[in-house]
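Enquirer: Have a look; sequence and predicted model below, questions after that.
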Amino acid sequence: MRLLKKVLAVGLASAMVFSMAGCGGSGAKGTTAASEATTAADTKKDESTAETTAKAVKDAVGGDLAGKKVGISIYKFDDNFMTLYRTELQRYLTEDLGFKKENVVIQDGKGDQAEQTNQIQNFITQKYDVLILNLVQASSAPEITDMCKAAGIPVVYINREPDTEEEQRWKDEKINATYVGCDARQSGTYQGEEILETSNKGDINGDGVINYIMIQGDPENVDAQYRTEFSVKALTESDAKVKELLKQRGDWDQAKAQQIAQDALTQYGDQIEVIFCNNDAMALGALQAIEAAGRTVNKDIYLVGVDALTEAVQNVIDGKQTGTVFNDHFSQAKTASDMAAKLLQGETVENVNMVDYIKITKENAQDTLDKLKK
């Protein structure tokens, strides 16, 4: 995470240099050249630091991970965010840590826990060295953990967090299992703050009450629960009055969210001032409904999501989405991979490893978009 922040800081410094060059006039020419040289040197230094960090991890596990087999199961391949995550996961494992590409196998759980459990059993039968798992159902973690423990295979859970009792069991029983993710309470809080940071603090009609609808992911998923709770809690803890017009599950799906938003806009019309979405895929769907209803984001309705999908970040820049929250798949993929490498060496790791979310508003959206497009 520190490295990510440092790289982002360098990107921001670079942007500031170019901004100064545009405003400095003819007298700033020499200074601009010197600044550009300094920025280039800093960027090179950070790239070197990234290489050193990856090398340190490889050295810590004996320097050769090429022959180790990594089995990865993703809950569903057509999830927008998990597509970004698994792509970066594969890249970091192979390019930075040195696993052979053919030894990193990623499978689609297809949203079916029975299907995914079969995949995991096959990984175990084929004697994979470590597993990285994005469970269809986080409640399956105890069963899966026991299977892996019996086979002597360490496991890294990602994105969908098992309950705290299960995580504590890993620690108490010294089981080679860990979780890497983000605290969804933080993402929900950031969504609420984005509404409070608007000119009218979300109260578009000025009646003293923020009327909202909530489009959830899977209500049994802890991320959906926390994002739902803490987005509204951020409003109420600022002494804002709120009214929930509708809360409905959209299962993280763009088409379902579009239909939910469309029906809500038909039923409640101008009463709706804010649409909260537990992820950006659903925010994209809600935007389609908003535009079809003749409403305008940031003028007569606010819209926030989570994940910082490329299209959603572009919408923030264009004023078509009020804000989003960067669910930092770069840092999560790096941390998950590093945990897998350390477990292979027999190192003791923390049972829970959290990565910070990043609030994305119009002020920093372009910097984020540039990073996502690299």
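Expert: Yep, it's here.

Enquirer: and residue 136, what does it touch?
Expert: Listed by C-beta atoms under 8 Å, 6 or more residues apart in numbering, the contact set of residue 136 reads 75, 76, 109, 111, 112, 113, 115, 116. C-beta coordinates here come from the backbone N, C-alpha and C atoms, glycine included.

Enquirer: Please name the nearest non-neighbouring residue to the second one.
Expert: Read it as residue 76. Leaving aside its chain neighbours, residue 76 sits nearest to residue 111 (4.5 Å; criterion: C-beta to C-beta, 6 or more residues apart in numbering).

Enquirer: For that neighbour, what are phi and psi?
Expert: Dihedral pair for residue 111: phi 70, psi 20, per degrees, to the nearest 10.

Enquirer: Can you give me the distance of it to residue 75?
Expert: 6 Å (C-beta to C-beta, to the nearest Å).

Enquirer: Residue 359 now?
Expert: Look at residue 359 and residue 75: by C-beta to C-beta, they are 26 Å apart.

Enquirer: before we move on, back to that, save the contacts of residue 136 as TSV, and put in distance to residue 152, pLDDT and neighbour count too.
Expert: As requested, those are arranged in TSV below (distance: C-beta to C-beta, whole Å; pLDDT from 0 to 100; neighbours: other C-beta atoms under 10 Å):
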residue	distance to residue 152	pLDDT	neighbour count
75	25	97	22
76	29	96	16
109	23	98	24
111	29	96	15
112	27	97	14
113	23	97	17
115	24	98	14
116	21	98	25
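
Enquirer: which of the residues you listed lies closest to residue 285?
Expert: residue 76 (16.7 Å; C-beta to C-beta).

Enquirer: does that closest one count as helix, strand or coil?
Expert: coil (DSSP: H, G, I helix; E, B strand; the rest coil).

Enquirer: Surely residue 274 touches residue 203?
Expert: No. Using C-beta atoms under 8 Å, residue 274 is not in contact with residue 203; the gap is 9.4 Å.

Enquirer: Neighbour count for the two, which is higher?
Expert: residue 274 (27 against 18; other C-beta atoms under 10 Å).

Enquirer: Excluding sequence neighbours, find me the nearest residue to the more buried one.
Expert: Closest to residue 274 by C-beta to C-beta, 6+ apart is residue 212, at 4.0 Å.

Enquirer: just to revisit the earlier point, pull up the overlap in contacts between residue 274 and residue 203.
Expert: Shared contacts of residue 274 and residue 203 (C-beta under 8 Å, 6+ apart): residue 210.

Enquirer: mind listing the helices for the stretch 251-374 of the chain?
Expert: 254-268, 280-292, 310-318, 329-344, 365-372 (DSSP state H, counting those that start in this stretch).

Enquirer: and the angle for the shortest one with helix 329-344?
Expert: Per axes from the mean of the first three to the mean of the last three C-alpha atoms, to 10 degrees, the angle that helix 365-372 makes with helix 329-344 is 40 degrees.
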